[in-house]
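Peer 1: Mind looking at a prediction? Sequence and model below.
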Amino acid sequence: MAKQKKEKKRQNSGYFKEVRSELKKVTFPSFKSVMKYTLATLLFCGILVVFFLGMNLLLSLVKGMF
């Protein structure tokens, strides 16, 4: 039983060493790039909102003619 615990502990420590080494390789985006992509996303969503509102208005006008 004690041997299994030691073996399991050894496996976990190897896992956490690998996780730590992988996290050191991660590069996080700068604040400037995060803001740029956030603005682009919000702008794109706004364009889609305007498009679908316009289509809804146009189709309701067409439906009202008939």
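Peer 2: Okay, I see it.

Peer 1: tell me the secondary structure for the residue nearest to P29 when sequence neighbours are not counted?
Peer 2: Spatial nearest neighbour of P29, chain neighbours left out: Y37 (7.9 Å); criterion: Cβ to Cβ, 6 or more residues apart in numbering. The way it works is simple: take the backbone N, C-alpha and C, and place the C-beta from them, glycine included. Here Y37 is recorded as helix under DSSP: H, G, I helix; E, B strand; the rest coil.

Peer 1: Retrieve the pLDDT associated with Y37.
Peer 2: pLDDT recorded at Y37 is 98.

Peer 1: for the one 10 residues further on, same thing?
Peer 2: pLDDT recorded at I47 is 98.

Peer 1: for it, what are its contacts?
Peer 2: By Cβ atoms under 8 Å, 6 or more residues apart in numbering, the contact set of I47 is empty.

Peer 1: For G54, see how far away it is.
Peer 2: 11 Å (Cβ to Cβ, to the nearest Å).

Peer 1: so T27, which of the three states?
Peer 2: coil.

Peer 1: which stretches of this structure have low pLDDT?
Peer 2: The chain contains residues with pLDDT under 70 at 1-12.

Peer 1: hmm, try it at 80
Peer 2: Applying pLDDT under 80 to the chain flags the ranges 1-13.

Peer 1: In it, mark out all the helices, start to finish.
Peer 2: Secondary structure of the chain (DSSP state H): helices at 2-25, 31-65.

Peer 1: Quick check: K25 vs T41, distance?
Peer 2: 26 Å.

Peer 1: Between these two, which has more neighbouring residues?
Peer 2: Neighbour tally, K25 and T41, criterion other Cβ atoms under 10 Å: the higher count belongs to T41, 10 against 6.

Peer 1: Distance check, M35 against T41.
Peer 2: Counting by Cβ to Cβ, the separation of M35 from T41 is 11 Å.

Peer 1: try V62
Peer 2: For V62, the distance to T41 - Cβ to Cβ - is 32 Å.
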